[in-house]
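Q: Predicted model, plus sequence, below.
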Amino acid sequence: MKKIITALLLVVVTTISAQNIDYNTSKSFVAEGYDVTEYFNNKAVKGNSKFVTTHDNVKYKFANQENLEKFKKDPNKYIPQYGGYCAYAVAVNSEKVDINPKTFEIRDGKLYLFYNSWGINTLDKWIEEDAEKLQIKADQNWQNIKTKK
């Protein structure tokens, strides 16, 4: 019986780790510690170290207790697409690129984050190059690059 339980646990652990999504945890938090619930209020707000939670083995910061509770009730609503990597880079190059947490878009009730530095704002490119088509391409590419290596 112990051998069967050990074998089953090994299968479960292997399955879980094999499907582990690679989240962008630059600065140790998703969205570089910005409050993912505030993006849905069209604001980029830094989280506070007093209000932290872990979901799917990664950490999130929140501006206040209310936002933390909001996230805990429905985390999948607030998790950034593509693990929090730049949506444009996932679409165009099938690459995981860091983001600027102040550069974001809410589209169809989902959070998309973008790279914005050195005069390159990929949110502008995302919109100029047809966001709907890029979103479809990013969804396809993400299936191939979403797990940790």
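A: Good, I have the coordinates.
Q: Every contact and neighbour count from this point should use C-alpha atoms.
A: Will do.
Q: Now do the strands in this structure.
A: Using DSSP state E, the strands of the chain run over 48-55, 58-62, 100-107, 110-114, 116-117, 120-121.
Q: Which residues does the fifth one contact?
A: Strand 116-117 is contacted by residues I99, N100, T103, T122, L123 when judged by CA atoms under 8 Å, 6 or more residues apart in numbering.
Q: now swap in the last one and tell me
A: The list of residues contacting strand 120-121 from outside it, by CA under 8 Å, 6+ apart, reads F114, Y115.
Q: Make 11 the first number, not 1, from now on.
A: Understood, numbering begins at 11; the last thing we discussed is strand 130-131.
Q: coming back round to it: relative to N30, which of the strands of the chain is closest?
A: For the strands of the chain, proximity to N30 was assessed by CA to CA; strand 68-72 is nearest, at 10.8 Å.
Q: okay, the angle between that closest one and strand 58-65?
A: Calculated by axes from the mean of the first three to the mean of the last three CA atoms, to 10 degrees, strand 68-72 forms an angle of 140 degrees with strand 58-65.
Q: Output the lowest mean pLDDT helix or strand found in this structure.
A: Sorting the helices and strands of the chain by mean pLDDT, DSSP states H and E puts helix 12-28 at the bottom, at a mean of 41.
Q: T113 contacts L121, doesn't it?
A: No. Judged on CA atoms under 8 Å, T113 makes no contact with L121 at a distance of 10.7 Å.
Q: Please report the distance of L133 from N126.
A: According to CA to CA, to the nearest Å, L133 and N126 sit 8 Å apart.
Q: what touches both of those two?
A: What both L133 and N126 touch, as defined by CA under 8 Å, 6+ apart, is the set T113.
Q: Show me the shaky parts of the protein.
A: Within the chain, the segments meeting pLDDT under 70 span 11-29, 159.
Q: cutoff 90 now
A: For the chain, applying pLDDT under 90 flags the ranges 11-30, 36, 158-159.
Q: Could you pull up the residues touching T63?
A: Taking CA under 8 Å, 6+ apart as the test, what T63 contacts is K69, Y70, K71, L78.
Q: In PyMOL, how would I select just the buried ones from the residues you listed?
A: Selection command for PyMOL covering only the buried members of those, criterion 16 or more other CA atoms under 10 Å:
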select buried, resi 69+70+71+78
